[in-house]
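In: After the sequence you'll find the predicted model.
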Amino acid sequence: MLAAAAQPQSAVILDQPIDPVSGPLEFTTSALWRVRLWRDATQGLHHTQEAVSPDGRTWQWGCQRNWTTDGNIIEPLDMLTPEQRHQLDVRLQSAVAWPEPELIASAVLPLQERVKAKAKPMRRAR
């Protein structure tokens, strides 16, 4: 899913624009995965905090471990090649973000004010 999101033609929508300072970034992929990554301002994508699949399954940092070997945390970003990881970071930096709810309301409200309720149909005299 992260490798697909890294592709230039992929559709991803950020919850809000990327903060130039380190912090979490949340986005939705075209396959409807909801993902939250931690991004360091100087090093780029650091680790996956959470991912939720379209059917509701969740992945959370620290919960999935490789118990068959050393018990280390399974990190989805580590499954990407360095080039894919860089492509994903670049892709997310150029992705669009959902508009602020206040902007949506202000854009829709004037339209709603112009729409008048339907008049009751008049009965014709026979």
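Out: The structure has been received and is ready for your questions.

In: how about low-confidence regions in this protein?
Out: Regions of the chain meeting the criterion pLDDT under 70 cover residues 100-122, 126.

In: Recalculate using a threshold of 90.
Out: Along the chain, segments meeting pLDDT under 90 span 1-2, 4-23, 30-31, 41-44, 57-76, 78-79, 92-126.

In: Report the central residue of it.
Out: Central residue of the chain (Cα atoms, centre = their mean): F27, 1.3 Å from the mean position.

In: In the sheet, which residues pair with that one? Tell me.
Out: Beta-bridge partners of F27, counted by DSSP bridges, are L14, V35.

In: my read: it touches Q16, true?
Out: No: assessed by Cβ atoms under 8 Å, F27 is found out of contact with Q16, at 9.7 Å. For glycine as for every other residue, the C-beta is placed from the backbone atoms N, C-alpha and C.

In: Quick check: the residue nearest to the centre of the chain vs A125, distance?
Out: According to Cβ to Cβ, to the nearest Å, F27 and A125 sit 62 Å apart.

In: show me where this protein has strands.
Out: In the chain, the segments counted as strands under DSSP state E are 12-14, 23-29, 34-40, 44-52, 58-60, 96-97.

In: how about N72, what does it touch?
Out: Neighbouring residues of N72 by Cβ atoms under 8 Å, 6 or more residues apart in numbering: 65-66.

In: Noted, bye for now.
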